[in-house]
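S.K.: mind folding the following:
(chains A and B)
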Amino acid sequence: KNEVEQSPQNLTAQEGEFITINCSYSVGISALHWLQQHPGGGIVSLFMLSSGKKKHGRLIATINIQEKHSSLHITASHPRDSAVYICAAISGATNKLIFGTGTLLAVQP
Amino acid sequence: DGGITQSPKYLFRKEGQNVTLSCEQNLNHDAMYWYRQDPGQGLRLIYYSQIVNDFQKGDIAEGYSVSREKKESFPLTVTSAQKNPTAFYLCASSIGGSDTGELFFGEGSRLTVL
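M.R.: Below you'll find the model as predicted:
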């Protein structure tokens, strides 16, 4: 079992829908990153959070340290949101990143 | 604009050849990382460097080598000892460690061994 699990693995949505991607982890962490990987392969950092909630535009990230769970929400989804979304937890023991396998999101017009 | 530049974007190699992937950043970041991405798997750490002239092995360092002679440069050599080198390679950097702030990634280099 991976130390960082994402669900779903694949997600197809219609434009305008509210989207939730989940990330659960089994190790102690100091913080967690949400990343977006474009079809060409480049990765962009969306959020780093260690508690509570962060919002940037239509993106919202939440984390519950006690439940070892984080979510990424996209409001009013758009085809340009189509990408792979990756969560990466920072191990509290080693300070190294542990990556999930990603969620492939396709938003259809 | 500040960022990370990886080259080449695509690279083909014959078995038995060493290849070097370039990673340059102009963000003045101390920490730099090399990751490997394979289908269906999360990114795996190959090597990382937190300061010039120092680097540490990651989880899958066998068959790879790096150098950090300059702050802005962290090249990765894939040697002939790497048994399964075909993969997508990503370079990243951060101001300090990965827990100190935003991570910046390059566009990646796709290596195919023929």
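
S.K.: hey, what's the residue in chain A that chain B sits nearest to bridged with?
M.R.: With Cβ to the nearest Cβ as the measure, residue A:99 is the residue of chain A nearest to chain B, at 3.3 Å. Glycine gets a C-beta too; all of them are placed from N, C-alpha and C. Beta bridges link residue A:99 to residue A:88, judged by DSSP bridges.

S.K.: shaky segments in the chain?
M.R.: With no chain named, the answer covers chain A. Across chain A, the ranges flagged by pLDDT under 70 are A:1.

S.K.: wait, chain B
M.R.: Along chain B, segments meeting pLDDT under 70 span B:1, B:97-100.

S.K.: near chain A, which residues of it show up?
M.R.: Residues of chain B that fall close to chain A, judged by Cβ under 8 Å from any Cβ of the partner chain: B:40-45, B:58, B:88, B:90, B:92, B:97-99, B:101-108, B:110.

S.K.: return the residues in contact with the nearest residue to residue A:92 once chain neighbours are set aside.
M.R.: In this structure, residue A:92 finds its nearest non-sequential neighbour in residue A:28, 4.1 Å apart by Cβ to Cβ, 6 or more residues apart in numbering or on different chains. Shown in contact with residue A:28 (Cβ atoms under 8 Å, 6 or more residues apart in numbering or on different chains): A:91-93.

S.K.: could you flag which of those are buried?
M.R.: Among those, the ones that count as buried by 16 or more other Cβ atoms under 10 Å in any protein chain shown are residue A:91.

S.K.: among the contacts of residue A:28, which are located in strands?
M.R.: Members of the contacts of residue A:28 lying in strands (criterion: DSSP state E): residue A:91.

S.K.: what parts of chain A come near chain B?
M.R.: Residues of chain A lying close to chain B (Cβ under 8 Å from any Cβ) are A:2, A:4, A:30-31, A:33, A:35, A:40-45, A:48, A:86, A:88, A:90, A:95-102.

S.K.: at 10 Å instead, please
M.R.: Contacts of chain A with chain B, taken as Cβ under 10 Å from any Cβ of the partner chain, map to A:2-4, A:6, A:9, A:29-33, A:35, A:37-38, A:40-48, A:50, A:86-88, A:90-92, A:95-102.
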